[in-house]
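[1] One predicted model, sequence on top.
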Amino acid sequence: MADLPLRPELVGEEPYGAPQLDVPHRLNVNENPYPPGPAVLADVARAVSEAGAGLNRYPDREAWELRADLARYLGHGLGPENVWAANGSNEVMTHLLQAFGGPGRSVLSFTPGYSMYPEYARNTHTAYLTAPRRADFTLDAATVERAVAEHRPDVVLITTPNNPTGTSTPLDVVEAALRAADGLVVVDEAYQEFARDGTPSALTLLTDHPRLVVSRTMSKAFALAGGRLGYLAAAPAVVDACRIVRLPYHLSAVTQAVARVALAHAEEMLAQVDALRRERDALVGWLAGRGLEVAESDANFVLFGRFADRHAVWQGLLARGVLIRETGPDGWLRVSAGTPAEMAAFRAALTEVAAEQT
Ligand code: PMP
């Protein structure tokens, strides 16, 4: 690429992505380990076949029926005019920054945070600003207010539960951001379905806040990472802004059909969420019991540490067929909640690696 007239800010950049390795236990990208069951598969096959009969035509540009289904799933009195959908919440977030960020504008988020955020910002020519979370990874109103006052961002991005820490943010902090900021406040709730009981969603704030956006995905709890479907809920005007920047026909007929089948089977698709929450809680307890530091988690993963050489631990686990993620602050590692068998493999591997290291 060195000879190409590439945009200067892309020179030397690598494509984003965790290693996709063919190992027995993949616990590195917070997927739901449970594949769809036979009833869902049969309906997917039927829906794809029906969509196939019309593949010579462009799909519904507005994805109206899918958006209606998503609105019904979210509840809170939302309708299709409040919902926007795209190929994963990565694309939803890109649409938001294309519409509300851009040259001369900025987005503020709180670190440690999701490693794609700086890339959305770079790709949309939006300045990327950060402020640190507290030492225990929580976020309080005062921190948000200070950071907003200092940076005057056009978009504030709050991730709850946060990736890679799993930390939830109380709604009063989101309200503080809405009061302090003039711009959009985007709450990324990719992992909200995994939150412990009594962790309310920012969806409850939507009716009173026209500048609030709640982003969700079907990749995690909904077990549809391969279907690529993310969405947001907001005031209709925010949705209309996304409609301006999206590419025409951005959601394929097949994507729309598959996502609608998954939503029609919401109960089955979400059936393992409770089991994964239990695995997550057990994992936190087990890691803490080993004397490790563990971040409290409301997501389907756990951040733990600290290791003098986290790469050696990651490598040791990989050598035993367990792939986790080397991410977050120095010395910490992140592991996704998996099936009981995957968790047993992780515990056995970590026990061996720890024994080797001492
Ligand atoms: N937001 C957060 C916080 C995430 O962790 C992820 C996935 N790792 C996403 C958004 C994007 O998910 P998707 O594009 O699959 O919807």
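    Okay, I see it. Treat the numbers as computed from the prediction; the structure is a model and nothing was measured.

[2] How is residue 163 classified with respect to secondary structure?
    With DSSP: H, G, I helix; E, B strand; the rest coil as the basis, residue 163 sits in coil.

[3] And the closest residue to the ligand within the chain, how far from residue 294?
    Of all residues in the chain, the one sitting closest to the ligand is residue 88 (2.6 Å; CB to the nearest ligand atom). Where you see a C-beta, it was placed from the backbone N, CA and C, and this is true even at glycine. Separation of residue 88 from residue 294 (CB to CB, to the nearest Å) stands at 29 Å.

[4] still on that earlier bit, could you pull up the contacting residues of the residue of the chain closest to the ligand?
    Residues near residue 88 by CB atoms under 8 Å, 6 or more residues apart in numbering: 217, 219, 228, 229, 230.

[5] tell me the mean pLDDT over the helix or strand that contains residue 67?
    Assigned by DSSP states H and E, residue 67 falls within helix 64-74. Helix 64-74 shows a mean pLDDT of 98.

[6] Show me which residues of the stretch 201-350 of the chain sit near the ligand.
    Residues of the stretch 201-350 of the chain lying close to the ligand by CB under 6 Å from any ligand atom are 217, 219, 225, 230.

[7] Go again with 8 Å.
    The stretch 201-350 of the chain comes close to the ligand at residues 215, 217, 218, 219, 220, 225, 228, 229, 230, as judged by CB under 8 Å from any ligand atom.

[8] rewinding a little: from the contacts of residue 88, list just the buried residues.
    The neighbour-count test (16 or more other CB atoms under 10 Å) applied to these identifies 217, 219, 228, 229, 230 as buried.

[9] quick one: pLDDT of residue 358?
    68.

[10] and the nearest residue to residue 258 once chain neighbours are set aside, what does it touch?
    Distances taken as CB to CB, 6 or more residues apart in numbering place residue 227 nearest to residue 258, at 4.9 Å, with adjacent residues excluded. Listed by CB under 8 Å, 6+ apart, the contact set of residue 227 reads 218, 255, 258, 259, 262.

[11] Distance check, residue 227 against residue 299.
    20 Å.

[12] Please apply the same query to residue 85.
    22 Å.

[13] Mind checking which of those two has more residues around it?
    Neighbours were counted for residue 85 and for residue 299 using other CB atoms under 10 Å; residue 299 has more, 32 against 29.

[14] quick one: contacts for the more buried one?
    Each residue near residue 299 by CB under 8 Å, 6+ apart is listed here: 30, 161, 162, 163, 166, 191, 194, 195, 280.

[15] quick one: secondary structure of it?
    Under three-state DSSP, the three-state class of residue 299 is coil.

[16] Am I right that residue 357 is in contact with residue 312?
    Yes - counting by CB atoms under 8 Å, residue 357 sits close enough to residue 312 to count as a contact (7.0 Å).

[17] got any residues that touch both of the two?
    Between them, residue 357 and residue 312 share no contacting residue under CB under 8 Å, 6+ apart.

[18] List phi and psi for the residue nearest the centre of the chain.
    Per CA atoms, centre = their mean, the C-alpha nearest to the average position across the chain is that of residue 190, at 3.7 Å. The phi/psi pair for residue 190 (degrees, to the nearest 10) reads phi -50, psi -30.

[19] now it: how far from residue 300?
    Distance from residue 190 to residue 300, counting by CB to CB: 10 Å.

[20] Could you tell me which residues touch both of the two?
    Taking CB under 8 Å, 6+ apart as the contact rule, residue 190 and residue 300 both touch residue 220.

[21] how about the helices in the stretch 101-250 of the chain?
    Taking DSSP state H, counting those that start in this stretch as the test, the helices found in the stretch 101-250 of the chain are 117-123, 141-151, 171-180, 236-245.

[22] and those as CSV, adding mean pLDDT and mean neighbour count?
    Converted to CSV, the helices of the stretch 101-250 of the chain look like this (pLDDT from 0 to 100; neighbours: other CB atoms under 10 Å):
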stretch, mean pLDDT, mean neighbour count
helix 117-123, 96, 19
helix 141-151, 98, 17
helix 171-180, 98, 19
helix 236-245, 98, 16
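
[23] Can you verify my assumption that residue 228 contacts residue 87?
    Yes - with contact defined as CB under 8 Å, residue 228 reaches residue 87; the gap is 4.5 Å.

[24] and for these two, which residues touch both?
    Counting by CB under 8 Å, 6+ apart, the residues touching both residue 228 and residue 87 are residue 255.

[25] what does the domain assignment say about the chain?
    Per automatic domain parsing, the structural domains of the chain span 19-34+272-357, 38-266.

[26] farthest pair in the residues of the stretch 201-350 of the chain next to the ligand?
    215 and 225 (15.7 Å; CB to CB).

[27] Between these two, which is the more surrounded one?
    A side-by-side neighbour count of residue 215 and residue 225, using other CB under 10 Å, places residue 215 first with 24 against 16.

[28] Can you give the contact residues for stretch 110-121?
    Stretch 110-121 has contacts (CB under 8 Å, 6+ apart) with 16, 90, 93-94, 97, 101, 107, 109, 126-128, 130-133, 137, 139, 143-144, 147, 157-159, 162-165, 188, 327-329.

[29] what about residue 343, how many residues close to it?
    Neighbour count of residue 343, defined by other CB under 10 Å: 21.

[30] Does anything pack onto the helix or strand harbouring it? Which helices or strands?
    Taking DSSP H and E as the criterion, residue 343 maps to helix 340-357. Packing partners of helix 340-357 (3 or more CB pairs under 8 Å, 6 or more residues apart in numbering; DSSP states H and E): strand 25-26, helix 273-289, helix 310-319, strand 322-323.

[31] Much appreciated, bye for now.
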